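Colleague: The following comprises the amino acid sequence and a computationally predicted model.
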Protein chains: 2
Amino acid sequence: MPEDPTRKPQARSCSYETDEDGLAHWTEAHADAWIGLLETHKQLTRALDAELTAKHGLSLSALELLARLAAADDRQMHLTALAGASGLSLSRVSRIIGMLEERKLVDRHACPADARAVHAQINGDGLALVRTAQATHFASVQAMFFDQLGESEIQTLAQVFGRFAPRSAAACDTGDER
Amino acid sequence: MPEDPTRKPQARSCSYETDEDGLAHWTEAHADAWIGLLETHKQLTRALDAELTAKHGLSLSALELLARLAAADDRQMHLTALAGASGLSLSRVSRIIGMLEERKLVDRHACPADARAVHAQINGDGLALVRTAQATHFASVQAMFFDQLGESEIQTLAQVFGRFAPRSAAACDTGDER
DNA sequence: CAAAGATAGTTGCGGGCGCAACCTTCCGCG
DNA sequence: CGCGGAAGGTTGCGCCCGCAACTATCTTTG
């Protein structure tokens, strides 16, 4: 149900093309690839986030943090580690965790080994929520994105984007500090 | 110069993988493709936006609007058309145009044919700025993104994303103005 | 051991963004 | 002609986000 308001036929336009002026030698494929990436991300992200918010009251970022906690060693991580893994700023992580704590989805307790640090730990309710939320989320991503792609295309995307995002690529784990 | 703070070695983990629970059958390639898309977009977008803001005082969205105006028929468009073309909400477009107007980069004047409507028209200063801004912007996208890709990969991306973003796809050309 | 510097988190602030409410102007139909 | 609904824009509001400033706690080193 990601309806799309403001959709117009549209003419040809070209916004992104300085062209012959002497500097960018972008082919149409370049423009399609780059602008398409931007557009696609915008569309999918909006729809997914809206769905997630409506059904589970979680933003995409909150789900990511919850998911990382769920996958972590003792279901807990330091905020800095979460920030590093997710690519969010520490301040954002701090606030999201604060919000999740208020909702009784995670607990925050001092790290015994370092008084400055905090362990954010997902609890039972959080774990339950993350599971159902991810279920619908995955299904949506599948339907909205992967179902429109061929197997080889997925391979190429994985290869390309894996090159840029060593961070999450794998995912995880956490061998990390703890 | 897109330095990357908070970069950790990171191990294998999986945050995004419910796995065998019975619903998502995502392969690792799926995860790499999707999460990589998210990550890549986040990184590139942040770096590009920061650069654009620092050098020209324009956000990515503002540049897009300016570019679309520059490429439009009389260097002018209705706000609704701009919103539809860019995928931004009308309210955002209204405010961005307002900001650009204050900076004397565009003019806003009533549409003779429809008293409700407004024509946002880019002026000389705006045109000059958009050119230089796009020059550096294109160069950065080239360096940060395309230079890391092979020709066939670009083709695949163009093909894939063109499927999702009929909107901007076209682009351009440039027979542009002037 | 004490001071300088690094690190973990928190919070004030401002920017970007969309939704919904609102006004004005058009349009279509009785 | 007049009225109700649609469309173009604007603005109030609240969410998400990062930066910078600040506190508290290590860590390093003379």
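Modeller: Nice, I can see it. Numbering: from 1, shown residues only, chains lettered A, B, ... in the order given.
Colleague: Show me where chain A has its strands.
Modeller: With DSSP state E as the definition, chain A shows strands at residue ranges A:76-78, A:106-111, A:114-122.
Colleague: Buried residues of the longest one, list them for me.
Modeller: Neighbour-count burial for strand A:114-122, counted by 16 or more other Cβ atoms under 10 Å in any protein chain shown, picks out A:118-122. In this view, the C-beta of every residue, glycine as well, is placed from N, C-alpha and C.
Colleague: ok, and of those residues, which contact DNA strand C?
Modeller: Among these, the residues that sit close to DNA strand C (Cβ under 7 Å from any atom of the strand) are A:118-119.
Colleague: Let's have the buried residues of strand A:114-122 in CSV, adding distance to chain B and pLDDT.
Modeller: Shown next, in CSV, are these (distance: Cβ to the nearest Cβ, whole Å; pLDDT from 0 to 100):
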residue, distance to chain B, pLDDT
A:118, 17, 96
A:119, 17, 96
A:120, 14, 97
A:121, 16, 97
A:122, 12, 97
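Colleague: Quick check: of the buried residues of strand A:114-122, which lies closest to residue B:99?
Modeller: Comparing those against residue B:99 with Cβ to Cβ places residue A:120 closest, at 38.0 Å.
Colleague: Surely that closest one is in contact with residue A:108?
Modeller: Yes - using Cβ atoms under 8 Å, residue A:120 is in contact with residue A:108, at 5.6 Å.
Colleague: joint contacts of those two?
Modeller: A:97, A:101 (Cβ atoms under 8 Å, 6 or more residues apart in numbering or on different chains).
Colleague: Count the neighbours of residue A:69 for me.
Modeller: 26 (other Cβ atoms under 10 Å in any protein chain shown).
Colleague: For it, give me its contacts.
Modeller: Taking Cβ under 8 Å, 6+ apart as the test, what residue A:69 contacts is A:75-77, A:82, A:106, A:120-122, A:126.
Colleague: before we move on, the earlier item: can you add distance to DNA strand D and give the strands of chain A back as JSON lines?
Modeller: Shown next, in JSON lines, are the strands of chain A (distance: least, Cβ to the nearest atom of the strand, whole Å):
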{"stretch": "strand A:76-78", "distance to DNA strand D": "12"}
{"stretch": "strand A:106-111", "distance to DNA strand D": "8"}
{"stretch": "strand A:114-122", "distance to DNA strand D": "3"}
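Colleague: Turn the ones you listed into JSON lines, including distance to residue A:27.
Modeller: Shown next, in JSON lines, are these (distance: least, Cβ to Cβ, whole Å):
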{"stretch": "strand A:76-78", "distance to residue A:27": "44"}
{"stretch": "strand A:106-111", "distance to residue A:27": "48"}
{"stretch": "strand A:114-122", "distance to residue A:27": "46"}
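Colleague: follow-up on the earlier one: just name the closest of the contacts of residue A:69 to residue B:133, please.
Modeller: residue A:82 (35.1 Å).
Colleague: Looks like the closest one contacts residue A:95 (just checking).
Modeller: No - using Cβ under 8 Å, residue A:82 is not in contact with residue A:95; the gap is 12.0 Å.
Colleague: between those two, who's got more neighbours?
Modeller: Looking at residue A:82 and residue A:95 with other Cβ under 10 Å, you find the greater number of neighbours at residue A:82, namely 22 against 12.
Colleague: Excluding sequence neighbours, find me the nearest residue to that one.
Modeller: Spatially, and ignoring its direct neighbours in sequence, residue A:82 is nearest to residue A:93 (5.0 Å; Cβ to Cβ, 6 or more residues apart in numbering or on different chains).
Colleague: ok, now residue A:43?
Modeller: residue B:164 (6.5 Å).
Colleague: Surely residue A:40 and residue B:158 touch.
Modeller: No - taking Cβ under 8 Å as the contact criterion, residue A:40 and residue B:158 are not neighbours in contact, 11.5 Å apart.
Colleague: tell me the contacts of the residue lying closest to residue A:56 once chain neighbours are set aside?
Modeller: In this structure, residue A:56 finds its nearest non-sequential neighbour in residue A:133, 4.4 Å apart by Cβ to Cβ, 6+ apart. By Cβ under 8 Å, 6+ apart, the contact set of residue A:133 is A:52, A:55-56, A:58, A:63, A:66.
Colleague: Only whichever of these are buried, select them in PyMOL.
Modeller: Buried residues within the contacts of residue A:133, by 16+ other Cβ under 10 Å, are selected in PyMOL with:
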select buried, chain A and resi 52+56+58+63+66
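Colleague: Now the two most distant members of the contacts of residue A:133.
Modeller: Going by Cβ to Cβ, the pair spanning these furthest: A:55 and A:66, at 14.3 Å.
Colleague: In CSV, list the C-alpha atoms belonging to stretch A:153-165.
Modeller: Presented in CSV, the C-alpha positions along stretch A:153-165 are these (Å, rounded to 0.1, in the frame of the first residue of the first chain):
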residue,chain,number,x,y,z
GLU,A,153,20.9,-8.4,-10.6
ILE,A,154,20.8,-9.1,-6.9
GLN,A,155,24.2,-10.6,-7.2
THR,A,156,25.5,-7.5,-8.9
LEU,A,157,24.0,-5.2,-6.3
ALA,A,158,25.3,-7.3,-3.5
GLN,A,159,28.8,-7.1,-5.0
VAL,A,160,28.6,-3.4,-5.7
PHE,A,161,27.2,-2.3,-2.4
GLY,A,162,29.2,-4.7,-0.4
ARG,A,163,32.2,-2.7,-1.7
PHE,A,164,30.9,0.5,-0.2
ALA,A,165,29.5,-0.9,3.0
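Colleague: Run the chain-centre distance for it.
Modeller: 16 Å (Cα atoms, centre = their mean, to the nearest Å).
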